[in-house]
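Asker: model this:
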Amino acid sequence: MTRIPLAALAAAVAFWALACNDAQPVSWTGVPSANRNVAGTSSHNRLSPDLTEAPVARGAMRLDGATSAIPYYGYDASAPPKALTRSTKEAQKTEPDKNTYLTLPKGQPGPDPHYDYGTHFLYQGHESGTPGYITRINLDADRRHRVTLLATSDVDRRKLPDFDGSTWDPWARRLLFTAELPAELGIHGGVWAATLGYPSRVVDVSGALGRGGYEAIQNDAAGNLWLIEDVGGATGSSARHALQPNSFVYRFLPTDPTNLAKGGRLQVLQVVSARTGNPIVFHAGRADADIKSADSRDLHSYGHELRTRWITIHDTATDGSSPFGATALAKSKRGTPFKRPENGQFVPGTHFRQFVFDETGDTDMLSEAGSDYGGFGTVQLLKQTDPSADTGTIRVLYQGDSAHAGFDNVTFVDRHKAAFAEDAGDTLHTQRHALDSGYLVDVRADYSSPQTPAPRRFLAEGRDPSATFDAEHTTGNQGDNEITGIHASDGDPGTGGILGAKVPTLFQDGWRLFWTQQHGDNYTWEVKPSE
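Answerer: Next up, the predicted model:
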């Protein structure tokens, strides 16, 4: 197995030491309440008074390099965008999703060979529609060239799937996109690697990383890839509104970080029960038992620090390079299932020794799991001695409740504060009469203490006209808007620019913040400080 040279590691340590110098912490004024969910009523997003936002792309924007099937940034070709809020036969929303920001040299190619596309770019996969596709928002460009369609098929001319997660892998020099499609249902999820150029050359690398309901993907300092899976589980006979934990956290150790096609080892995270000393595992046909087990309570409530270890479930050196079902292997190899984990990031300044990820939970106020069994989701904190360590510990950093539920996307905005965004879903929106919010979670805080304030709301998402229409009619599209793709980065494409390597200095030194208001009008926003 190829390892990062000692000289490179020494340079990285020196870089981290420099990056860990104290930066100005974020202390945004809170937004007092969420936007109310009022049937048939649209509302504006409300941000902290310290912040403002400006659109960088909108769903009805004509694509640079458009095709007849994919003419617009956020809609398929079945209807003109101007009719979207006035007809139940509207276009299929393609739902631009996770954002990856890069600052690149001049001369990046596009459909117009005579146009200067600039140096600042935001890459996205799209989560819905046929085919799936990849776009690049050219942040320096005019409206005509603002969003470039990069790819709709792979190098073998197979249509791309709908994508969810994305990241930039500086070792492989590829954009990586994940398809949140569960292999156990016979659907081909997995990981695709894409070049930066136009048109992008896209390769399915699921023969190395497996097929699963992968939502998030992140690099660590050793060139490993961390994958987080979101696959909904079965409901129980006595827990009809709760889901059996059915999703896993993975780590891929590549044979050669510069060439993922050479394969490597895929591992699953295993958590050890403090009660029995045995792994906490999935039990087929026993949804009720898994939902309300004592181990599930320990895993989802405060005061328990549990031991973890990584278990290899597939090694291309011995198992070959044909695509394989990661979820089934994770279960058979006794990985620990979680309640729909969605996204995660390394805590800045920890040398990639601390990793937070969220669980979305059941997104139903009637969940029999409640807070103590993860019904409203959690934020988990995983600690290891280094990113390639085989063992570590895990504990609940924040336990969700009905008012703070369905955490999905995450990005760090300073050394200690992570911005988590809700995806509570239409059911919970209706039940609690409130739409989604974004919150700041402090990794230093003891949220188990009644004296610790709840995470501070910095964004109360509204509902745009198209989403309001979708929520009121059967259109085949999603209803309420969703906060997705929240992403803070300075765009550094080198190994020192991977998320977690630097302490963010938001709105300084090139650091920018983006989020996508998915569904409805499909806006992607840049957040800036208010003047």
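Asker: residues in contact with the residue lying farthest from the centre of the chain?
Answerer: If you look at how far each residue of the chain sits from its centre, by Cα atoms, centre = their mean, the farthest one is residue 114, at 35.1 Å. Taking Cβ atoms under 8 Å, 6 or more residues apart in numbering, we find residue 114 in contact with no residue. Where you see a C-beta, it was placed from the backbone N, CA and C, and this is true even at glycine.
Asker: Please apply the same query to residue 450.
Answerer: Applying Cβ under 8 Å, 6+ apart, no residues contact residue 450.
Asker: One more: residue 146?
Answerer: By Cβ under 8 Å, 6+ apart, residue 146 lies in contact with 56, 57, 61, 64, 137, 138.
Asker: repeat that with 10 Å
Answerer: 56-58, 61-64, 73, 117, 136-140 (Cβ atoms under 10 Å, 6 or more residues apart in numbering).
Asker: of these, closest to residue 472?
Answerer: Taking Cβ to Cβ as the measure, residue 472 sits nearest to residue 58 out of those, at 21.5 Å.
Asker: was I right about residue 25 contacting residue 348?
Answerer: No - in this structure residue 25 lies outside contact range of residue 348 using Cβ atoms under 10 Å: 11.7 Å.
Asker: Can you list the low-confidence ranges for the stretch 201-350 of the chain?
Answerer: For the stretch 201-350 of the chain, no stretch is flagged by pLDDT under 70.
Asker: go again using 90 as the cut-off
Answerer: Counting by pLDDT under 90, the low-confidence segments of the stretch 201-350 of the chain come to 323.
Asker: Then the chain?
Answerer: 1-24, 76-92, 129-130, 181-189, 323, 466, 469-479, 531.
Asker: any chance you could map the helices in it?
Answerer: Under the criterion DSSP state H, the chain contains helices at 6-19, 206-209, 287-291, 294-300, 316-319, 326-332, 425-432, 465-472.
Asker: that older thread, which entries within the contacts of residue 146 meet the buried criterion?
Answerer: For the contacts of residue 146, a burial check counting by 16 or more other Cβ atoms under 10 Å picks out 56, 57, 58, 61, 63, 64, 73, 117, 136, 137, 138, 139.
Asker: show me what contacts the first one?
Answerer: Taking Cβ under 10 Å, 6+ apart as the contact definition, residue 56 lies against 99, 120, 122, 137-139, 146-147, 512, 514, 516, 523-526.
Asker: ditto for the second one
Answerer: The neighbourhood of residue 57, defined by Cβ under 10 Å, 6+ apart, consists of 73-74, 96, 122, 124, 135, 137-139, 143, 146-147, 514, 516, 522-526.
Asker: again, but for the last one
Answerer: Residue 139 makes contacts with 56-57, 101, 103, 117-122, 146, 491, 512, 514, 526, as judged by Cβ under 10 Å, 6+ apart.
Asker: Out of those, which end up buried?
Answerer: Using 16+ other Cβ under 10 Å, the buried members of the contacts of residue 139 are 56-57, 101, 103, 117, 119-122, 146, 491, 512, 514, 526.
Asker: Please convert these to TSV, extending it with distance to residue 68.
Answerer: Shown next, in TSV, are the buried ones among the contacts of residue 139 (distance: Cβ to Cβ, whole Å):
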residue	distance to residue 68
56	25
57	21
101	30
103	33
117	23
119	31
120	30
121	25
122	25
146	20
491	33
512	34
514	29
526	30
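Asker: ok, so of those, who is nearest residue 176?
Answerer: Residue 176 has its nearest neighbour among the buried ones among the contacts of residue 139 in residue 101, at 14.6 Å by Cβ to Cβ.
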